[in-house]
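> using only what follows, build the 3D model:
(chains A and B)
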Amino acid sequence: EVQLVESGGGLVQPGASLKLSCVASGFTFSDYWMSWVRQTPGKTMEWIGDIKYDGSYTNYAPSLKNRFTISRDNAKSTLYLQMSNVRSEDTATYYCTIGAFITTVPFDYWGQGVMVTVSS
Amino acid sequence: DIVLTQAPLSVSVTPGESASISCRSSKSLLSSKGITSLYWYLQRPGKSPQLLIYQMSNLASGVPDRFSSSGSETDFTLKISKVETEDVGVYYCGHRLEYPLTFGSGTKLEIK
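Numbering: from 1, shown residues only, chains lettered A, B, ... in the order given. Just a heads-up that it's a prediction; the model follows:
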């Protein structure tokens, strides 16, 4: 069974840093690109970025690339999101996702999400 | 960035009736490989989003055939036939044509 379990969220002050983790199981983590997506309290869905299966390449939403960094540790089957200089508008539920295809069949899973609240 | 505009914001449906949700793209979602890169997701209350439809018209595994999707290169419609109570939630369209990926603003389906 595929599982994506996020952790590391919570209440954080504006300007601080926070690192989210996502532990994957039930599939060969090192074979797949992985992504982060967030959902604001108003339910707006925003793609944050993704990382290549070997960690050698990343893509980011232009509005976030200067503050957010995605990385992975394939030995630990873990995906990370480093958030820096957080702002109130970063308050959201953060999802670890995989949206791939195995031949022509979608391999699409989302974690349960982790909440991040930015407030003083 | 590609803007996806969903309508309506919410829809209230009697069980057994049909519902339609529209998604309009600011750019053609037809890729150079001839695939239309439009996806539909359902987020049930308190749950994570799940994939319903991929590449505009293909049902994801386990999705009942009451769900269907069609469209052109920029205009898409998700249709739910014979709505059931389990269909309640927020429906999002999204694309994977190019970076950055974007989503529509969501359509909330409620049961009358």
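
> spatially central, which residue of chain A would that be?
A:W36 (2.9 Å; C-alpha atoms, centre = their mean).

> from what I see, that one and A:C96 are in contact.
Yes: here A:W36 reaches A:C96: they are 6.2 Å apart, a contact under C-beta atoms under 8 Å. To be clear about C-beta, it is placed using only N, CA and C from the backbone, and glycine gets the same treatment.

> mutual contacts of those two, please.
Taking C-beta atoms under 8 Å, 6 or more residues apart in numbering or on different chains as the criterion, A:W36 and A:C96 both touch A:C22, A:L79.

> which non-adjacent residue is nearest A:A92?
In space, A:A92 comes closest to A:R38 once its chain neighbours are excluded; the distance is 4.1 Å by C-beta to C-beta, 6 or more residues apart in numbering or on different chains.

> what's across from the most centrally placed residue in chain B in the sheet?
Nearest to the mean C-alpha position of chain B, counting by C-alpha atoms, centre = their mean, stands B:W40 at 3.3 Å. On the basis of DSSP bridges, B:W40 is bridged to B:I53, B:C93.

> strands paired with the longest strand seen in chain A, and their directions?
Determined from DSSP state E, the single longest strand within chain A is strand A:92-102. Sheet pairing of strand A:92-102 (DSSP bridges) gives strand A:34-39 (antiparallel), strand A:105-110 (antiparallel), strand A:114-118 (antiparallel).

> quick one, which of these is nearest to B:P64?
Counting by C-beta to C-beta, B:P64 lies closest to strand A:105-110 out of those; the figure is 16.4 Å.

> what's in contact with that closest one?
So strand A:105-110 is contacted by A:2, A:4, A:27, A:32, A:37, A:95-101, B:48-51, B:54, B:60-61 (C-beta under 8 Å, 6+ apart).

> chain center to that strand: distance?
16 Å (C-alpha atoms, centre = their mean, to the nearest Å).

> now it - C-alpha only, CSV.
This file holds the C-alpha atoms of strand A:105-110, laid out as CSV (Å, rounded to 0.1, in the frame of the first residue of the first chain):
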residue,chain,number,x,y,z
VAL,A,105,-1.6,4.1,-16.0
PRO,A,106,-1.5,7.0,-13.6
PHE,A,107,0.4,6.6,-10.3
ASP,A,108,-1.1,9.4,-8.3
TYR,A,109,-1.1,9.7,-4.5
TRP,A,110,-1.3,12.4,-2.0
